[in-house]
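J.: what follows is a predicted structure for the sequence shown.
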Amino acid sequence: MTQRQAPEALAPDERLARLHQVVRDLLTEARRQGASAAEAGVSSDQGLGVTVRLGEVETVEHTRDNGLGVTVYFGQHKGSASTSDLSLQALRDTVRAACNIARYTSADPYAGLADPDLLARDIPALDLHHPWPISAADAVEHARACEAAARAHDARITNSEGATLDTHQGVFVYGNSHGFLGGYPTSRHSLSCAVIGEDDAGMQRDYWYTTARAAGDMESPAAVGRRAAERTVARLGARRLGTRQAPVLFRSDIAVGLLRSLVGAIRGPALYRRASFLLDALGTPVFPDFVRIHEDPLKPRGLGSSPFDDEGVATRARDLVAGGTLHSYVLDSYSARRLGTQTTGNAGGVRNLTVDPGELDLTGLLREMNSGLLVTELMGQGVNLVTGDYSRGAAGFWVENGEIAFPVEEITIAGNLRDMFRGLVAVGRDMDNPGSFRTGSWLIEAMTIAGE
Amino acid sequence: MSTIQPAFDIATQTLLEPTGLGLPDLERVLDRLMTSRLDAAEVYCESTRLESWMLEDGIIREGAFSIEQGAGLRAMAGEKTGFAFTDEIQLAGLLEAADAARAIAGSGETRHVALRRSGEAPPLYPALNPLASLDEATKVELLRRVDAEARAQDPRVTQVIVNLVAAYDVMLVAASDGTLGSDVRPLVRMNCNVIVEANGRREQGSAGGGARGPLGFLIEGDRALGFAREAVRQALVNLEAVDAPAGTMTVVLGPGWPGVLLHEAVGHGLEGDFNRKGTSAFAGRIGERVASPLCTVVDDGTLPGRRGSLSVDDEGTPSQCNVLIENGILRGYMQDKMNARLTGVAPTGNGRRESYAHLPMPRMTNTYMLAGPHRPEEIIASVDRGLYAVNFGGGQVDITSGKFVFSASEAYLIEQGRITRPVKGATLVGNGPDVLTRVSMVGSDLQLDAGVGSCGKEGQTVPVGVGQPTLRVDDLTVGGTQA
């Protein structure tokens, strides 16, 4: 193996300065071509990804991604264009393409940049940039150690999809014709492992991963591998269940999906299109009163952290849900204008969501449930955010007398999200999931399980 | 329209000539990339132009245009792959990427590669730029007409969203085996989503279609207006839907898009990479019975103009009609060059990649089941109590355990041989290696889907097609709420 020197040709400060200049050039060009307002974002990322399978190198990938996007406004007419090419000629062509689009879009009274008063005035340093100058050879060794730990964990681990180490770093700059110009460098590293176990009943696969802004914050390769193996072996010998109603415990990594459904239903477009089961729910109880869900976009080293949103609006910490009541929608400027309110600084999405932990760990929750289904995998897209109807393929464990009885698969769980949220019995303190959405496991009073 | 040039000329003009490159330069890059320690090496150049329009609330709210261009270089030794890409198709960048990619195998002696243009496969779609196939005013007028058509259907329609996307993809691939392949791939798609509201209840419906060809495809026979009518029809059906049943029962799947069953239940499990690695529930089962004798399933990249079709795949291999399951017996897997080489079989034209920045792997094209002997009416009449599912969202499969799901978005109860009430969408779950053994009737009404399918695998999305005749499946688990 050979290694490639530190990926970027320019130091981070110089790259940031260069991208600032690209954004300024884009905004100048937009004005020159007649736009009354404009906004632009530019990014440049570099990375390395290696996969080791059965102890041997499978892939080594060097990635280098550039992108620029511009939106122009001619009065209330809007047009957008983007490219992977940061050259001056491409920049002019891209602005021209956006201006051409704007000739054919309609005048939209709600279109436009964010209100100048709401734009971020200073850009807090959030400690998001910790590049990892690891060589391809060392990256291979990390992945190899991870997979080896998984394969050594249990004799029933018979095959592997491999372990993958990815490291990326880059810079992002956004600016608009209100005079906002801001940017910052970020990094992100991840290590994942997926292995296959086998017994007389057949094969099962599961995985685990760790991801962080700084390499030192990741779980160790051996820990990731062991966890992947434990999860895989636990699934062996899974059977089906008979159709029934039962309590359902969503393990913390799976409960994150319920948080995503909540966010999907309180996003601006779902609301102004009247396409949400949580229409007009602001200020009303959506969960039992012990539930608090908090967004902190300014969390240092947070995987979702950002000092300003995709429109340059200052982000700030707030409760989405407090005392079980829906306190805030998730809005950008456009949807806020449509709804007659103010943006919540969520252009580009929700950043770092945390559900307040409860008293019980996973073992305690299993006892609390006594008899029911622990869900550890969900499959398919059966979530209807217009009606809240929920029906998904599932796998996990049947629980009896507060303890895991046997693994189950090839079943579905169904209900309605409104009832599931209101029927939340407890949230665990087992905040055991990587990523920017953090929650313990969720125990839900009753759902329909379909099986044999 | 100007006369249509051969794909190869368009590819070299689009990808090489702007930076003064020619075929000798590609050979030089391959010479740098390919060493005696490698089994194969490849340079893939691509340019994609994409334009999208969105109508909402009766106005053309958004339009966007993008250009992505670059080259991906791959070096392969045994099961190892080194990969690097550059977004500038220039000699210096290509040579630098070649050095990064070939490092996988350490240093070896370079080997000269002589490229030869393979006999052009007959193109399955015109080599045209669909973005330029209609003027902008006509494009936005089409969206407005679809909106008006949807709203004219029923006063309960409260929201209409129409999306139009046209993509123009030009690729050129040069490989160490001498392959010099090229393709010009137009792709157009329209979707119409509606929300209906009555008595405080809201439901949605959606429909769409697309093809590899000009945007005129959407105008022919007022095809686009048909999407509007279909979306409203579905949404109104859902307004009347009652809770779906829960449990294992006989399921009749309608023709066309419900073929997503095949894509999930058997398609992914028959991709060559999973079978080489032994991670698929279908690994090592060629020649075995995996379906009822009524079932013959193919993956066919050669259907003219279809969304999943390819004149050549992303490795320059002409696409084929590959028989996966013949009268219930597993016949073959889908292969790219690398997996074919490692397992000693021929490539099948299924090597696909999302873009130059992604590695190719075995992927489906258009996957469908051939027609059978039964009339659709007799299939429904044969069911005493069951579910008739005619429209689906998407699906997902765990290829190792074989478990798959797909989610119905329009379904009805069958009671005593008759379709009765509509039921709410529900997820269906099954086991890929045995679900097709329980297909007891196959309709004579094979249909392909309307051309809106996309498939995700390992983070890469590619356009695909599915299809099937009406099928009766005994004992499939339906994930409703009415136990």
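T.: Ah, there it is. Residues are numbered from 1 along each chain as shown, chains lettered A, B, ... in the order given.
J.: where does the chain dip in pLDDT?
T.: Going with chain A. Where chain A drops to pLDDT under 70, the residues are A:1-10.
J.: chain B, not that one
T.: Where chain B drops into low confidence, which here means pLDDT under 70, it does so at B:1-4, B:119-120.
J.: nearest to chain A: which residue in it?
T.: Across chain B, no residue is closer to chain A than residue B:479, which sits at 2.6 Å (Cβ to the nearest Cβ). Backbone N, C-alpha and C define where each C-beta goes, glycine included.
J.: and the stretch 251-400 of chain A, which of its residues are near chain B?
T.: With Cβ under 8 Å from any Cβ of the partner chain as the criterion, the stretch 251-400 of chain A comes near chain B at residues A:273-275, A:279, A:377, A:379-382, A:384, A:386-387, A:389, A:391-393, A:395.
J.: can you count the residues close to residue B:23?
T.: Applying the criterion other Cβ atoms under 10 Å in any protein chain shown, we find 14 residues in the vicinity of residue B:23.
J.: contacting residues for the residue lying closest to it once chain neighbours are set aside?
T.: What sits nearest to residue B:23 in space, not counting adjacent residues and going by Cβ to Cβ, 6 or more residues apart in numbering or on different chains, is residue B:115, at 6.1 Å. Residue B:115 sits next to B:23, B:26, B:27, B:30, B:174, B:178, B:179, B:180 when contact means Cβ atoms under 8 Å, 6 or more residues apart in numbering or on different chains.
J.: state the next helix or strand along the chain beyond the helix or strand in which the fifth one is found.
T.: Just to be clear, that refers to residue B:174. Element membership of residue B:174, judged by DSSP states H and E, is strand B:157-175. For strand B:157-175, the succeeding helix or strand toward the C-terminus, using DSSP H and E, is strand B:179-198.
J.: for that following strand, buried residues please.
T.: Along strand B:179-198, these residues count as buried under the neighbour rule (16 or more other Cβ atoms under 10 Å in any protein chain shown): B:179-197.
J.: would you say residue B:462 is within a strand?
T.: Yes. Following the definition DSSP: H, G, I helix; E, B strand; the rest coil, residue B:462 is counted among the residues of a strand.
J.: isn't it up against residue B:358?
T.: No. The pair residue B:462 and residue B:358 does not pass the contact test of Cβ atoms under 8 Å, sitting 9.5 Å apart.
J.: what sits up against stretch B:271-287?
T.: Residues external to stretch B:271-287 that are found in contact with it (Cβ under 8 Å, 6+ apart): A:53, A:159, A:161, A:196, A:202-203, A:205, B:266, B:268-270, B:290, B:329-336, B:339-340, B:342-343, B:345, B:348, B:350, B:361-364, B:399-402, B:432-433, B:457.
J.: so which of the residues you listed are in strands?
T.: Secondary-structure check on the contacts of stretch B:271-287 using DSSP state E: residues within strands are A:53, A:159, A:161, A:196, A:202, A:203, A:205, B:329, B:330, B:361, B:362, B:457.
J.: among the residues you listed, who's most crowded?
T.: residue B:362 (28 neighbours).
J.: list the contacts of that residue.
T.: Here residue B:362 is in contact with B:271, B:272, B:273, B:333, B:334, B:335, B:336, B:339, B:348, B:350, B:351, B:352 (criterion: Cβ under 8 Å, 6+ apart).
J.: give me the distance between the helix or strand containing residue B:442 and the centre of its chain.
T.: Per DSSP H and E, residue B:442 falls inside strand B:439-442. Counting by Cα atoms, centre = their mean, to the nearest Å, strand B:439-442 is centred 25 Å from the centre of its parent chain.
J.: do stretch B:377-388 as well
T.: Using Cα atoms, centre = their mean, the distance between the centre of stretch B:377-388 and that of its chain works out at 30 Å.
J.: got the residues of the stretch 301-450 of chain B near chain A?
T.: Near chain A, the residues belonging to the stretch 301-450 of chain B are B:357, B:359, B:393-398, B:400-407, B:424-431 when assessed by Cβ under 8 Å from any Cβ.
J.: residue of the stretch 351-452 of chain A with the smallest distance to chain B?
T.: Chain B sits closest to residue A:412 of the stretch 351-452 of chain A, with a gap of 2.6 Å, by Cβ to the nearest Cβ.
J.: that residue reaches residue B:425, doesn't it?
T.: No. Contact status for residue A:412 versus residue B:425: not in contact, 11.9 Å apart, counting by Cβ under 8 Å.
J.: wait, is residue A:342 part of a helix?
T.: No. Assessed by three-state DSSP, residue A:342 does not belong to a helix; its assignment is coil.
J.: tell me how many other residues crowd it.
T.: By other Cβ under 10 Å, the burial measure for residue A:342, its neighbour count, is 15.
J.: how about the nearest residue to it, chain neighbours excluded?
T.: Beyond its immediate neighbours in the sequence, the residue positioned closest to residue A:342 (Cβ to Cβ, 6+ apart) is residue A:336, lying 5.4 Å away.
J.: in three-state terms, label that neighbour for me.
T.: The three-state assignment at residue A:336 reads helix, by three-state DSSP.
J.: measure it to residue A:311 for me?
T.: Plainly put, residue A:336 is 11 Å away from residue A:311 if you go by Cβ to Cβ, to the nearest Å.
J.: residue B:238 too?
T.: Taking Cβ to Cβ as the criterion, residue B:238 is separated from residue A:311 by 35 Å.
J.: so what sits against both of residue A:336 and residue A:311?
T.: When contacts are counted by Cβ under 8 Å, 6+ apart, residue A:336 and residue A:311 have residue A:343 as shared neighbours.
J.: where along the stretch 251-400 of chain A do the helices fall?
T.: Along the stretch 251-400 of chain A, counting by DSSP state H, counting those that start in this stretch, helices occupy A:252-265, A:268-272, A:333-339, A:362-369.
J.: related to what we said a few turns ago, OK, contacts around the residue of chain B closest to chain A?
T.: Taking Cβ under 8 Å, 6+ apart as the criterion, residue B:479 is in contact with A:382, A:391-393, A:412-414, A:448, A:450, B:244, B:246, B:426-429.
J.: now residue A:234
T.: Residue A:234 makes contact with A:206, A:397, A:407, according to Cβ under 8 Å, 6+ apart.
J.: chain center to the helix or strand encompassing it: distance?
T.: Taking DSSP H and E as the criterion, the element that holds residue A:234 is helix A:221-235. A distance of 22 Å separates the centroid of the chain from that of helix A:221-235, by Cα atoms, centre = their mean.
J.: likewise stretch B:192-202?
T.: Per Cα atoms, centre = their mean, the centroid offset for stretch B:192-202 relative to its chain is 30 Å.
J.: remind me, longest helix of chain A?
T.: helix A:12-32 (DSSP state H).
J.: name the helices or strands packed onto that one?
T.: Here helix A:12-32 touches strand A:37-53, strand A:56-74, helix A:88-102, strand A:157-176, strand A:181-199, going by 3 or more Cβ pairs under 8 Å, 6 or more residues apart in numbering or on different chains; DSSP states H and E.
J.: and the nearest residue to residue A:277 once chain neighbours are set aside, how many neighbours?
T.: Excluding its sequence neighbours, the residue lying closest to residue A:277 (Cβ to Cβ, 6+ apart) is residue A:388, at 3.4 Å. When counting by other Cβ under 10 Å, one arrives at 19 neighbours for residue A:388.
J.: distance of residue A:388 relative to residue A:264?
T.: Counting by Cβ to Cβ, the separation of residue A:388 from residue A:264 is 11 Å.
J.: what of residue B:472?
T.: Distance of residue B:472 to residue A:264, given as Cβ to Cβ: 35 Å.
J.: residue B:466 pairs with what?
T.: Residue B:466 forms beta bridges with residue B:367, as assigned by DSSP bridges.
J.: likewise for the one 10 residues further on?
T.: When bridges are taken as DSSP bridges, the partners of residue B:476 come out as residue B:249.
J.: what residues sit buried inside the longest helix of chain A?
T.: So for helix A:12-32, counting by 16+ other Cβ under 10 Å, buried means A:12, A:15, A:16, A:19, A:20, A:22, A:23, A:25, A:26, A:27, A:29, A:30.
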